[in-house]
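# requesting a structural model of the entry that follows:
(2 chains)
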Amino acid sequence: MTTVVTVAALTLQEASRRRVLRSLAVLTAVLLALSAWGFSEIDSDYGGLTSGEARMAGSTVLNLVMFGFSLIAALGTAFLAGPTLSGEVESGIALAMMTRPVRRAEVLVGKWLGLVGFGAGFVTVAGVAEFLIVHLTVGYWPPHPVTGLMLLAAQTAALMTLSLLFSTVISPMASGIMAVGLFGATWIAGVVGSVGEALDNPSVALVGTVSRMLLPTDGLWRGAMNSFQDPALLAQIGSGIEESPFLSMNPLTGAYLLWAAVWTALVLGLAALSFQRRDL
Amino acid sequence: MTDSPAVWASHLRKRYKKRVAVDGVSFTVGRGEVLGLLGPNGAGKTSVIKMMLGLVRPDAGEVMLLGRPNTDPRSRERVGYLPELFRYQPWLSADEVLALHVRLAGVKISGSDRRESLGLVGLADRAKDRVGGFSKGMQQRLGLAVALVARPELVVLDEPTSALDPLGRADVRDLLLSLKERDVAVLLNSHLIGEVERVCDRVVILDRGRVAAAGTLPELLGRRELRLVLTNVTAEAAALLEPFAREGDHYTVTLPDDVPALIADLVKLGVRVHAVEPARVSLEERLLDILRTQPEEL
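Residues are numbered from 1 along each chain as shown, chains lettered A, B, ... in the order given. Down below sits the predicted model:
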């Protein structure tokens, strides 16, 4: 257990001291500033909006910005997870560490925990900042901010776990690219699936469902979007909304959340197994 | 448990794709013993070390470290290792790297002891500097400190002087001798044969993944010799020297028990003695000899 905590702390320290954190901070600041500008323009240009319309605009744009954050978090942690494991193996840093009385699985879980902490911390800080901006500019506050942020953090964790699994078998850069590529692919598959639902085409809708099962990032993202939206607004607009990639009608089911947790545990277990068998 | 050897390796075997890197290597390192691992590039020395420490999975064979099977992480509690490929977290300071290794080793080492380890390798004034700014030689020195910081009973050094200047090499030699004094077992893989010859109790020579020769230095180097430069050597005098090897006036004989008596006898027979010097086959000559006489295989 000490090993897990030690390695988790080391991973957080690495994230804070490497350039990743600075680039993340800059990206986040840019996105926050842009959204603040955008929201204030909405307010001034459409001063005559009804409160419902303002909410509609606010919640849609909020989801857009949050999607940006989830992308930054996903990219950031995926590209942190790769180097942190296979990079250390390639460079030789792992050699001296792994000959300490530690189990490889403990080191892996420590890294995972550190990265999850980092991703969750980023999502929370950036998300709360964005909520405040939306609240100050258009007066909108999401209905379930905590649930939404937790789902975003879970999405980041899921993608990072996959990246960690890849990094036990392939090079650091390739593992980051693979993870992000799959992330993008499932998001697009999710959009395709919702188009299928809107058109009442079950076979097209199945694309989204299957991809959400294979890689739960898109499903978790949809759950997060749902928590950020005004429920009254969804009810008002009604059907036809499903084809929008930035609006989600239904909250996540407990079964899906359980599947996402099981999926993450399975991938982490596979990563530990693969790392255990690897020659360093 | 202290009567178990520091390392007991039995029939280690490792194949990388089609190439057999290590083929049935067995050896032991006694407590407090310094064992040198020698051999040409690609002989399997680093693979043997990595299998020993659990970094690489052997295809066959067993290893016990300090009385525990090496599949048990606790077998490495008292082991220090300097890898051939030494790199440490560039975003940490030298002292933080040591602190990390102390935590992972699960031992209590005070800050002043850590600084002492850094002082031992000449990095006392760089403790607070980030490792990223260190030269290769300084990183190797840090690697030595990492290997020594957690009070090891076995230290494994894979090419510990590859990046060091002559002064650094001398430091490492002194360090090895001080480890020997403190009864710390050492497994040393080095290309610098002189280094090995000076500090090692025993040597294992690997070639093409197999143990080509093993033994203490006297066992490996054999008997000592005496070299003489003589003129006026009569048949009677030559009989005294038998068996000998001759190159012009230079005669080489196995070292007799009484050198002055031999010289006195030679002088009595009218031989003119120009020079007498004891000689010894160097480990280098012996190593080359062993490697050249190994039967060629596929």
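# most centrally placed residue in chain A?
For chain A, A:Thr156 is the residue whose C-alpha lies nearest the centre (C-alpha atoms, centre = their mean; 3.2 Å).
# which intervals of the chain have sub-threshold pLDDT?
No chain in the question, so chain A it is. For chain A, the stretches flagged by pLDDT under 70 are A:43, A:45-52, A:232-250.
# hm, I was asking about chain B
Within chain B, the ranges that satisfy pLDDT under 70 run B:1-2, B:222-223, B:294-298.
# what parts of it come near chain A?
B:50, B:53-57, B:73-77, B:79, B:81-83, B:85-89, B:91-92, B:100-101, B:103-106, B:143, B:146-147 (C-beta under 8 Å from any C-beta of the partner chain). From N, CA and C alone the C-beta is placed, and that goes for glycine too.
# can I assume B:Gln89 is in contact with A:Glu14?
Yes. Shown here, B:Gln89 and A:Glu14 form a contact pair, counting by C-beta atoms under 8 Å, at 7.1 Å.
# contacts made by whichever strand or helix holds B:Ser117 with the rest, please.
For B:Ser117, the host element (DSSP states H and E) is helix B:111-120. Applying C-beta atoms under 8 Å, 6 or more residues apart in numbering or on different chains, the external contacts of helix B:111-120 come out as B:94-95, B:98-99, B:102, B:124, B:126-127, B:142, B:144-145, B:148-149, B:175.
# which helix in chain B has the most residues?
Longest helix of chain B, by residue count under DSSP state H: helix B:166-181.
# list the buried residues for it?
Across helix B:166-181, burial judged by 16 or more other C-beta atoms under 10 Å in any protein chain shown covers B:168-169, B:171-173, B:175-176, B:179-180.
# what does stretch B:36-55 give?
Within stretch B:36-55, the residues scored as buried using 16+ other C-beta under 10 Å are B:36-39, B:43-55.
# in strands only, show me the residues you listed.
B:36-38 (DSSP state E).
# contacting residues around the spatially most central residue of chain B?
Geometric centre of chain B, nearest residue: B:Gly36, 2.5 Å, by C-alpha atoms, centre = their mean. Neighbouring residues of B:Gly36 by C-beta under 8 Å, 6+ apart: B:188-190, B:196, B:199-200, B:202-204.
# mind putting these into JSON lines with secondary structure and neighbour count?
Output for these, formatted as JSON lines (DSSP: H, G, I helix; E, B strand; the rest coil; neighbours: other C-beta atoms under 10 Å in any protein chain shown):
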{"residue": "B:Leu188", "secondary structure": "strand", "neighbour count": "27"}
{"residue": "B:Asn189", "secondary structure": "strand", "neighbour count": "24"}
{"residue": "B:Ser190", "secondary structure": "coil", "neighbour count": "23"}
{"residue": "B:Val196", "secondary structure": "helix", "neighbour count": "23"}
{"residue": "B:Val199", "secondary structure": "helix", "neighbour count": "20"}
{"residue": "B:Cys200", "secondary structure": "coil", "neighbour count": "25"}
{"residue": "B:Arg202", "secondary structure": "strand", "neighbour count": "18"}
{"residue": "B:Val203", "secondary structure": "strand", "neighbour count": "25"}
{"residue": "B:Val204", "secondary structure": "strand", "neighbour count": "26"}
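# what about the helices in chain B?
So, for chain B - with DSSP H - the helices run B:45-52, B:94-105, B:111-120, B:136-149, B:166-181, B:193-199, B:217-221, B:235-241, B:259-268, B:283-293.
# any idea how far the last one is from the chain center?
Computed by C-alpha atoms, centre = their mean, to the nearest Å, the separation of helix B:283-293 from the middle of its chain amounts to 16 Å.
# and the second one, by the same measure?
On the basis of C-alpha atoms, centre = their mean, helix B:94-105 sits 27 Å off its chain's mean C-alpha point.
# same for it, what does it pack against?
helix A:2-17, helix A:93-98, helix B:111-120, helix B:136-149 (3 or more C-beta pairs under 8 Å, 6 or more residues apart in numbering or on different chains; DSSP states H and E).
# contact partners of the last one?
Think helix B:136-149. So helix B:136-149 is contacted by A:96, B:80-83, B:86-88, B:94, B:97-98, B:101-102, B:105, B:109, B:113-114, B:117-118, B:120-123, B:126, B:131, B:134, B:155-157, B:160-165, B:168, B:172, B:175, B:179 (C-beta under 8 Å, 6+ apart).
# what does the first one give?
The set of residues that contact helix A:2-17 without belonging to it, under C-beta under 8 Å, 6+ apart, is A:21, A:80, A:84, A:102-103, A:106-107, A:109-111, A:113-115, A:117-118, B:89, B:91-92, B:100, B:103-104, B:106.
# what packs against the following helix or strand past that helix?
Once helix A:2-17 ends, the next helix or strand along the chain (criterion: DSSP H and E) is helix A:19-45. Applying 3+ C-beta pairs under 8 Å, 6+ apart, we find helix A:19-45 packed against helix A:51-82, helix A:104-138.
# I'd like to know which of those is closest to chain B.
Closest approach to chain B among the helices and strands packed on helix A:19-45 (C-beta to the nearest C-beta): helix A:104-138, 8.7 Å.
# what comes up buried for the closest one?
Within helix A:104-138, the residues scored as buried using 16+ other C-beta under 10 Å are A:104-120, A:122-123, A:126-127, A:129-131, A:133-134, A:137-138.
# much appreciated, bye for now.
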